[in-house]
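In: just the structure for this:
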Amino acid sequence: MMYCHNTEPDNRFQADAPAGIPVALRVLSSSNQAQEGISEEQGTPLNSLDPLAVYILEAAHRLIPPTGQATIKEFIDEVPAGESAIRDRLNLLVGVGKLSCLPGSGRRPTLYYLSNQAEIPSPSILDNIDLTEDEVLQVVKEKEEALLAGLAEIQKELEVVIQDREALEKAIAVRLKYSVK
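Out: Numbers count the residues shown, from 1 in each chain. The predicted model follows:
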């Protein structure tokens with residue numbers, strides 16, 4: 001396990017952030033807590049995040065406002081880390097209430113938005129009983145657009161997997177054709 005030390009004795013933390021993410025974020029957070037007299041146990045969930053999660057949260061604040069939501073692909077393109085690490089940190093941020101994901105987008109959500117933004121309302125009649133017909137129709141259209149955007153992202157991922165499978169099948173066929181028997 002690799003640890004980084006700052007100037008204070010016995011103050012160390014894991015250096016698990018990828019290149020390009022300032023390790024000083026963690027030191028700054030613990031120093032600010034110490035100056036404010038906040039113990040580690042009293043810290044907010046944001047203070048307990050690792051540098052990669054903080055970096056992803058900052059990326060979310062850059063990516064999400066223009067469209068109201070961001071896809072997993074946008075995070076993967078923006079953050080210099082592996083897909084599973086990004087997904088883990090996004091799930092962590094959803095868990096601490098900093099981000100939300102589109103409900104019903106499956107086991108692995110692809111659309112994320114800031115928690116302080118209003119979620120896409122559900123088209124359930126019980127949820128929208130006070131809405132007019134036009135408002136209910138608008139809610140359903142917004143939900144449909146969000147789901148279609150998620151579906152388009154899944155379709156792109158599926159096409160990549162199919163191309164990879166076809167290339168692997170061709171490589172196996174060539175290897176079998178020219179293998180020594």
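In: do you have the helices of this protein handy? List them.
Out: Applying DSSP state H to the chain gives helices spanning 24-35, 51-67, 72-78, 83-95, 133-178.
In: would you format these as JSON lines with mean neighbour count and distance to Y113 included?
Out: Where C-beta positions appear, they are placed from N, C-alpha and C, glycine not excepted. What follows is the helices of the chain, written out as JSON lines (neighbours: other Cβ atoms under 10 Å; distance: least, Cβ to Cβ, whole Å):
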{"stretch": "helix 24-35", "mean neighbour count": "15", "distance to Y113": "23"}
{"stretch": "helix 51-67", "mean neighbour count": "17", "distance to Y113": "6"}
{"stretch": "helix 72-78", "mean neighbour count": "17", "distance to Y113": "12"}
{"stretch": "helix 83-95", "mean neighbour count": "16", "distance to Y113": "10"}
{"stretch": "helix 133-178", "mean neighbour count": "12", "distance to Y113": "10"}
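In: can you list those in CSV and add distance to S115?
Out: What follows is the helices of the chain, written out as CSV (distance: least, Cβ to Cβ, whole Å):
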stretch, distance to S115
helix 24-35, 20
helix 51-67, 10
helix 72-78, 16
helix 83-95, 8
helix 133-178, 16
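In: least confident of the ones you listed, on average?
Out: Ranked on mean pLDDT, the bottom entry among these is helix 24-35, at a mean of 51.
In: about what we covered before: nearest to C101, out of the helices of the chain?
Out: helix 83-95 (5.6 Å; Cβ to Cβ).
In: what does the closest one rub up against?
Out: With contact meaning Cβ atoms under 8 Å, 6 or more residues apart in numbering, helix 83-95 is reached by 18, 49-50, 52-53, 56-57, 60, 72, 75-76, 79, 99-101, 108, 112.
In: kindly export that helix (C-alpha atoms) in PDB.
Out: C-alpha atoms of helix 83-95 as PDB (Å, rounded to 0.1, in the frame of the first residue of the first chain):
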ATOM      1  CA  GLU A  83     -14.600   2.500 -16.600                       C
ATOM      2  CA  SER A  84     -15.100   0.300 -13.500                       C
ATOM      3  CA  ALA A  85     -13.400   2.900 -11.200                       C
ATOM      4  CA  ILE A  86     -15.600   5.600 -12.700                       C
ATOM      5  CA  ARG A  87     -18.800   3.600 -12.300                       C
ATOM      6  CA  ASP A  88     -17.800   2.700  -8.700                       C
ATOM      7  CA  ARG A  89     -17.300   6.400  -7.800                       C
ATOM      8  CA  LEU A  90     -20.500   7.500  -9.600                       C
ATOM      9  CA  ASN A  91     -22.400   4.900  -7.600                       C
ATOM     10  CA  LEU A  92     -20.700   6.200  -4.400                       C
ATOM     11  CA  LEU A  93     -21.800   9.800  -5.400                       C
ATOM     12  CA  VAL A  94     -25.300   8.600  -5.900                       C
ATOM     13  CA  GLY A  95     -25.200   6.800  -2.500                       C
END
